[in-house]
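Student: pasting the sequence and the predicted model now:
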Amino acid sequence: MAVDIFKELKKAALSVYAVAIYLIAITIALYLPMLQNFFVGDDFTWFRWVSECKTCSPLENIFKFFTSSDGFFFRPGTKTYFYGMYSIFWMNQTIYHFVSLALHFVVSVLFFFLANKIFKNRLLALFCSAIFLVISAVAENVFWVSATGYLLTTVFALISMLLFISWEEKRKIILYILTLVSITVGLLFHEVGTIIPLLLVSYSFVFNKLNLKKIFTGYYLLLFVPDVLYLVLRFFANSHWFSGDYS
């Protein structure tokens with residue numbers, strides 16, 4: 001049986017493992033020098049927030065992140081992240097930047113999967129994810145430690161989209177439940193996560209010809225429940241609302 005060497009090489013070159021290697025190589029080449037950058041600006045505000053109560057137990061601190069915003073951000077997931085990092089690594093900037101770098105790489109890989117779902121073309125999806133990896137619009141989120149919560153929300157937003165797309169294709173309830181879980185977790189790190197359900201419905205509307213009436217019924221309407229619960233929690237946590245960064 002004749003083997004098409006070119007076809008096999010092309011298949012290997014565009015495999016998921018090969019794509020991951022390309023993206024991690026770009027990540028290292030472009031962003032590795034940032035590991036030595038020290039903290040700036042609002043980074044120190046997060047450290048102050050997570051170190052205020054030195055006599056509280058870890059559970060008490062984390063519980064407070066979910067129940068009291070003291071009139072400022074309601075980002076309990078991000079505060080928990082900084083609390084854990086600060087408790088273990090204190091102010092070792094290299095570790096914080098490494099996590100941001102790793103998250104940006106993960107986002108680019110998830111972006112590849114999403115682009116491949118949309119275009120049905122791995123080469124084009126690779127090109128899109130590589131452009132996303134290096135584009136200047138996301139540089140602040142990678143270089144600024146305070147933006148780690150935004151990266152985490154982006155990770156869970158993309159996971160939600162991929163799970164939701166799989167649910168629409170296979171109609172397995174576990175995929176839908178995991179979608180709701182991903183939306184909920186994403187909301188805990190940054191308020192921009194409130195748009196995740198809109199992204200899911202928009203995808204279905206554009207690519208699956210979703211009927212407008214169907215958006216307000218059943219599974220599609222249920223996607224917005226995490227947003228409602230999030231807003232209720234924010235209200236009772238005395239969070240800052242519509243001005244400054246929350247605008």
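Tutor: Perfect, I can see it now.

Student: what is the helix or strand bottoming out on mean pLDDT in the chain packed up against?
Tutor: One helix or strand of the chain scores below all others by mean pLDDT, DSSP states H and E: helix 212-215, with a mean of 70. Judged by 3 or more Cβ pairs under 8 Å, 6 or more residues apart in numbering; DSSP states H and E, helix 212-215 is in contact with helix 196-207. C-beta coordinates here come from the backbone N, C-alpha and C atoms, glycine included.

Student: contacts only, for Leu32.
Tutor: Neighbouring residues of Leu32 by Cβ atoms under 8 Å, 6 or more residues apart in numbering: Leu101.

Student: the biggest helix by length in the chain packs against which elements?
Tutor: As assigned by DSSP state H, the longest helix anywhere in the chain is helix 93-119. In this structure, helix 93-119 makes packing contacts with helix 16-31, helix 76-89, helix 122-134, helix 139-143, helix 148-170, judged by 3+ Cβ pairs under 8 Å, 6+ apart.

Student: buried residues, the least confident helix or strand of the chain. List them.
Tutor: Ile215 (16 or more other Cβ atoms under 10 Å).

Student: dump that helix to CSV, restricted to CA.
Tutor: Provided in CSV are the C-alpha atoms of helix 212-215 (Å, rounded to 0.1, in the frame of the first residue of the first chain):
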residue,chain,number,x,y,z
LEU,A,212,-35.0,34.1,18.4
LYS,A,213,-38.0,32.7,20.3
LYS,A,214,-35.9,29.7,21.5
ILE,A,215,-33.4,32.0,23.2
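
Student: pull up the gap between the closest residue to Phe105 other than its chain neighbours and Leu151, please.
Tutor: Nearest non-adjacent residue to Phe105, counting by Cβ to Cβ, 6 or more residues apart in numbering: Thr27, 4.6 Å away. As judged by Cβ to Cβ, to the nearest Å, Thr27 and Leu151 stand 13 Å apart.

Student: got any residues that touch both of these two?
Tutor: With Cβ under 8 Å, 6+ apart as the test, Thr27 and Leu151 both reach His104.

Student: who has more neighbours out of these two?
Tutor: Comparing Thr27 with Leu151 by other Cβ atoms under 10 Å, the one with more neighbours is Leu151, at 22 against 19.

Student: for Lys11, see how far away that one is.
Tutor: Plainly put, Leu151 is 32 Å away from Lys11 if you go by Cβ to Cβ.

Student: next one: Val50
Tutor: 47 Å.

Student: of these two, give the one with the bigger neighbour count.
Tutor: More crowded of Val50 and Lys11, by other Cβ under 10 Å: Val50, with 21 against 12.

Student: residue contacts, the more buried one?
Tutor: 61, 79, 82-83, 86.

Student: mind running it again at 6 Å?
Tutor: Val50 is in contact with 82-83, 86, counting by Cβ atoms under 6 Å, 6 or more residues apart in numbering.
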